[in-house]
Structure formats: C-alpha cells, structure tokens
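Colleague: Quick one: sequence and predicted model below, then my questions.
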Amino acid sequence: MKKINLTITGCIGRMGKQLIQNSKKDKKFRLHSLTEGKIISKKIDNIKPQLNTEDAFRNTDVIIDFTIPKCTLEVLKIASKFKKRVVIGTTGFTKKEDSLIKKYSKRIPILKAGNMSLGINLLMYLTEIASKSLGKKYLSKIYEVHHKYKKDYPSGTALMLGKGIAFGKNKDFYKLIGKKYLNKKSFPYGNKINFNSIRKKEIIGEHEVLFSSGKEKIRLNHEAFDRALYSEGALTAAKWLMNKKKGFYSMRDVMNFK
C-alpha cells in the first residue's frame, strides 16, 4: 500500500506537535516535510523544518495547516501551483480571506473546518436543525472556553456554530454577528448572535449553543478532554481528501451529513 506523503505546517505549535505524534501512529502516512514561520535549526523526527517554500511542498500529497491566516494564504499560494490538497484547521480568517480560500478551491481540493472534532461537527449539525426548527421566537447566543494562550476570539469553533445557527435560519451569518464579549461572567441574548469567550488555565475547549424563547431554554454543548481528537480528525480529513477533485469541503462532507 502506497503511503500518503504528509506535510505539516506550524510544526512547533501545539497542534503541529500533536499532528506529528499522531501521524507516526497511522500506517497510511509518511511524514514528508515540516514547515514553520521561522528558521528552525534542530531536526524534528529526523526532518529539518523549512519555511513555506516550493521545495517543502513539491513532492508532498497533502498539507495539514494549523497556523495563522497570513501563513495559510502563503501555503495555499504554493499549494495551488503544484496542485496539492490542503486541510485547513487555522482559524481567525476575515470574510475577505474566506473568499480568497474559496477561490483557491477552484484549483485544488481544500477542506476547511473551524474544528476537526467529529463531536463538534455533530454539534454543528444539531445546531442547524435546532435553529431551523425553533424559528424566529427563539433568540440564541454562544459561549466558549479555551486555554489562556489562545489569542483569537470568538474561537473558530464558536464562529462555526454561529454559521450553523445562520444556516438554520437561512440568513447571512456575517449579518447576524452580534456583540463579542471576552471573559464576562454573563452575557445577554440578542436579535443577533452574541458571543462570550473565556480564556483561562489549560482548558482544551468547551462550547455551548443556547436558544431561549423567554419561557424555555435549550442548551447544546460539547467538551473536549484531549487535544489528540483534533489531530485525529484532521488526519481523517486528509485521508478522505485524497480521493477528491478540486473543490471546497468541510467536515460535514467527511461525516456525510446531508
């Protein structure tokens, strides 16, 4: 069986390290190259990390990217030149950057998800169903908790869940974004979707979608205990993407949600 040549960007980051560890356990992958945003002299698993260059990507099959938006777009520019598949777990993109990623997907297969967890993607699916079923009388808001080192807020997962609410209502998500709170003990529902982000300790990830009519409240939530679930999900996505033609995909495609 031919192994999949894998490139991991952001190799010294939390997710980069986790991906390296998990990919070594998966017999379908061969760790081909590693990249980082700065020069790293020390080898990692006998591979010398490189900058995002043509040499780093030329002979790979698929790239998994958990970095920052600027780096991701740099990766996509080179990947599109060599027709490489890209799995994007990076978060914090602007609407303009999201549009640019979709343009690249007209040339190469791209799978992008604000969260690679299978459980979170099930939560998003349930969020869409709830939003559609509950209708206009129910207001919604999203609460999320991450470790103190996470810089962007709301998290990519929270925004993804917000898109689930918007999809259920058949509305433009960007027009439904409400207030974005940071480290508030409580926050209100609104006609738009309000977000509250807590940053503390070493928490891996907690997300909760809340709906309320004023007479009742519905909670949909998910809690992550092990960061490995994100890397395992990304590797599952990478294997799935190997058989796909150019296009823009998400984890709901991997999980075959209608």
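Modeller: Yes, it's here.
Colleague: C-alpha from now on. contacts and neighbour counts both.
Modeller: Fine.
Colleague: what are the ranges of the helices in the stretch 151-258 of the chain?
Modeller: Along the stretch 151-258 of the chain, counting by DSSP state H, counting those that start in this stretch, helices occupy 156-169, 173-176, 228-241, 251-254.
Colleague: Give me the residues contacting stretch 181-194.
Modeller: If you take Cα atoms under 8 Å, 6 or more residues apart in numbering as the criterion, stretch 181-194 is touched by 139-142, 153, 162, 176-180, 195-199, 212.
Colleague: Select only the buried ones of those residues in PyMOL?
Modeller: Filtering the contacts of stretch 181-194 down to the buried ones (16 or more other Cα atoms under 10 Å) takes a single PyMOL command:
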select buried, resi 139+140+141+142+153+162+176+177+179+195+196+197+198+199+212
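Colleague: any idea how the chain splits into domains?
Modeller: For the chain, the structural domains run 4-112+228-254, 118-224, going by automatic domain parsing.
Colleague: can you list the weak-confidence ranges in this protein?
Modeller: 1, 258 (pLDDT under 70).
Colleague: Verify the stated contact: K179 with F195.
Modeller: Yes: K179 is in contact with F195 according to Cα atoms under 8 Å; the separation is 6.3 Å.
Colleague: ok so, going back, in strands only, show me the contacts of stretch 181-194.
Modeller: Mapping the contacts of stretch 181-194 onto strands (DSSP state E) picks out 139-142, 177-180, 195-199, 212.
Colleague: mind putting these in a markdown table, distance to T7 included?
Modeller: Shown next, in a markdown table, are those (distance: Cα to Cα, whole Å):
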| residue | distance to T7 |
| --- | --- |
| L139 | 43 |
| S140 | 39 |
| K141 | 37 |
| I142 | 34 |
| I177 | 35 |
| G178 | 37 |
| K179 | 37 |
| K180 | 35 |
| F195 | 34 |
| N196 | 34 |
| S197 | 32 |
| I198 | 32 |
| R199 | 30 |
| S212 | 44 |
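Colleague: Please consider this matter closed, and thank you.
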